[in-house]
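> Structure for this input, please:
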Amino acid sequence: MVLERGELVQLSARSYDSSSPPDDDAAAYDQALAELLEALQKLEAHLASRTWLVGEALTLADVLCACSLWNMFHMVLDGPKRKALPQATRWWTACMAHPDFAAVYGKYRLCAKEQRPA
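Numbers count the residues shown, from 1 in each chain. Predicted coordinates:
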């Protein structure tokens with residue numbers, strides 16, 4: 001599967017939506033999370049036969065997408081969710097391990113427990 005034009009932008013928007021729903025709206029959070037996980041399945045399929053999003057090396061596409069998913073991998077995508085996304089998790093951790101990412105973000109940590117809104 002190849003991500004269609006604009007799908008990376010949609011993925012970024014969904015990741016933002018699910019990280020900032022109203023604090024008291026669990027239903028909105030659940031809906032945003034479901035949409036994010038659906039979009040991440042497209043990313044998962046795209047990465048099944050690729051190391052990077054485009055080409056043979058880290059590109060701006062990887063940088064933009066990985067940065068937009070930072071909060072998701074830190075606060076939402078706990079172990080059980082990542083287990084369903086092995087390729088996306090592999091790709092994201094490879095991005096974070098790149099020296100240029102490490103220089104900006106430091107050592108990354110993956111979400112241990114989903115931080116749901118109160």
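> okay, CA-based contacts and neighbour counts for the rest of this
Noted.
> Could you pull out the strands in the chain for me?
Taking DSSP state E, the chain contains no strands at all.
> Centre-most residue in the protein?
residue 69 (3.6 Å; Cα atoms, centre = their mean).
> where's that residue relative to residue 117, distance?
18 Å (Cα to Cα, to the nearest Å).
> and what of residue 108?
Plainly put, residue 108 is 22 Å away from residue 117 if you go by Cα to Cα.
> likewise residue 90?
Separation of residue 90 from residue 117 (Cα to Cα): 27 Å.
> do the same with residue 42
Distance of residue 42 to residue 117, computed by Cα to Cα: 26 Å.
> and those two? which has more neighbours close in?
Using other Cα atoms under 10 Å, the more surrounded residue of residue 42 and residue 117 is residue 42, with 19 against 14.
> need the longest helix for the protein.
helix 26-47 (DSSP state H).
> helices or strands up against it?
helix 7-19, helix 86-97 (3 or more Cα pairs under 8 Å, 6 or more residues apart in numbering; DSSP states H and E).
> Just the mean pLDDT for the first one, thanks.
When pLDDT is averaged over helix 7-19, the result is 52.
> Ok, the shortest one next?
What helix 86-97 shows for mean pLDDT is 96.
> Please tell me how far that helix is from the chain's geometric centre.
Computed by Cα atoms, centre = their mean, to the nearest Å, the chain-centroid distance of helix 86-97 equals 9 Å.
> For it, which outside residues touch it?
Applying Cα atoms under 8 Å, 6 or more residues apart in numbering, the contact partners of helix 86-97 are 40, 43-45, 47-48, 51-52, 58, 62-63, 66, 82, 101-102, 105, 107-108.
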